[in-house]
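S.K.: Quick one: sequence plus predicted model below, questions after.
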Amino acid sequence: MAVDMAMPILIVDDYRTMSRIVATQLGQLGFTSIEAVEDGEAALDRLHAGPYGLVIADWNMEPMSGYALLLEVRANPAFAQTRFMMMTADSNADNVVAANAAGVNGFIVKPFATPTLKIKLEAVIGKF
């Protein structure tokens, strides 16, 4: 099954520059429906407003971390099919274990180049 390049993607990062970088990379890969918000609460509002095929969230955010957002997403049956990728600058093994137990679909360690993002995305959503 082909990946829908118009699949809505939500980037969640409290650092606007990082959100812009990821959005640009996603655009370079051919994705056409990309939005960004700066915190977990705003992400939940967006998720309730419309379906997203993928959430890419930073682990370290305030006041709601990416991990807390993941827990909220996985606790809501309405978001059961939403794929979730965690970005982090810290590859702490305990965080990876916790996120995997909570239902994360993939991880990517910052900083990353577009080819790395493509590989990580293909592991989460399929080849494109």
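M.R.: Arrived safely. Residues are numbered from 1 along each chain as shown.

S.K.: Tell me the buried residues in the helix or strand hosting residue 84?
M.R.: Per DSSP states H and E, residue 84 falls inside strand 83-88. Neighbour-count burial for strand 83-88 flags 83-88 (criterion: 16 or more other Cβ atoms under 10 Å). Every C-beta, even on glycine, is put in place using the N, C-alpha and C of the backbone.

S.K.: What is the nearest of those residues to residue 14?
M.R.: Proximity of the buried residues of strand 83-88 to residue 14 (Cβ to Cβ) peaks at residue 87, which lies at 11.4 Å.

S.K.: Wait, that closest one touches residue 58, no?
M.R.: Yes - Residue 87 is within contact range of residue 58, at 5.0 Å (criterion: Cβ atoms under 8 Å).

S.K.: Find residues that contact each of those two.
M.R.: Counting by Cβ atoms under 8 Å, 6 or more residues apart in numbering, the residues touching both residue 87 and residue 58 are 13, 18, 66, 110.

S.K.: Over to the residue nearest to the spatial centre of the chain. Which of the three states is it?
M.R.: The centroid of the chain falls nearest to residue 56 when counting by Cα atoms, centre = their mean (1.0 Å). Recorded secondary structure, residue 56: strand (DSSP: H, G, I helix; E, B strand; the rest coil).

S.K.: Residues in a beta bridge with it, which ones?
M.R.: Beta-bridge partners for residue 56, by DSSP bridges, are residue 11, residue 85.
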